[in-house]
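Enquirer: just a sequence and a predicted model for now, questions to come.
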Amino acid sequence: MNEGRRAALNASASVVYDGQRWEVAELTPPSVLLAGAAGELRRVSISHLLAATGTRVSGTCDGEGGQDAGTVLSSLDDAELARLRERVAHVREACTGYRHGSPDLALPGEPRPD
């Protein structure tokens, strides 16, 4: 990719990599799962994907009018930010069993999974 160019890499983004068109099926840093047209799956590191010669990602930030996460988050008011934090806590709890992500960060009285 060109130096200084930013890409919006997200699930369902279209990517040309290794001479083939792929769709981002899963974005789980530090890697990405790519799905090919014939049902082929390939997992590669994000850094390798973006550094590979000839890689192109649809929806580059400088051409699509998209906003980065920082811009979107900074536009939220206090109530919206509180709702977002609550949702994030629910996702962490669903993924880890703890609203703060790990038993070491659990608050006193926070339910612990059995």
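Expert: On my side now, so go ahead.

Enquirer: so which elements touch the longest helix seen in the chain?
Expert: When the chain is parsed with DSSP state H, its longest helix is helix 78-96. On a contact count with 3 or more Cβ pairs under 8 Å, 6 or more residues apart in numbering; DSSP states H and E, helix 78-96 meets no helix or strand. All C-beta atoms are positioned from the backbone trio N, CA, C, and that covers glycine.

Enquirer: buried sites along it?
Expert: 92-93 (16 or more other Cβ atoms under 10 Å).

Enquirer: cool, stretch 35-44 as well?
Expert: For stretch 35-44, by 16+ other Cβ under 10 Å, it's 35, 44.

Enquirer: hang on, the earlier thing: what residues does the longest helix of the chain touch?
Expert: 73, 76, 98-102 (Cβ atoms under 8 Å, 6 or more residues apart in numbering).

Enquirer: how about the residues you listed in CSV, adding distance to Pro29, pLDDT and secondary structure?
Expert: As requested, the contacts of helix 78-96 are exported to CSV (distance: Cβ to Cβ, whole Å; pLDDT from 0 to 100; DSSP: H, G, I helix; E, B strand; the rest coil):
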residue, distance to Pro29, pLDDT, secondary structure
Leu73, 18, 78, helix
Leu76, 23, 85, coil
Tyr98, 20, 73, coil
Arg99, 21, 72, coil
His100, 20, 70, coil
Gly101, 15, 68, coil
Ser102, 17, 70, coil
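
Enquirer: hmm, which two among those are most spread apart?
Expert: Using Cβ to Cβ, the contacts of helix 78-96 reach their maximum pairwise distance at Leu76 and Ser102, which is 26.0 Å.

Enquirer: helices and strands of this protein: which one bottoms out on pLDDT?
Expert: helix 61-64 (a mean of 44; mean pLDDT, DSSP states H and E).
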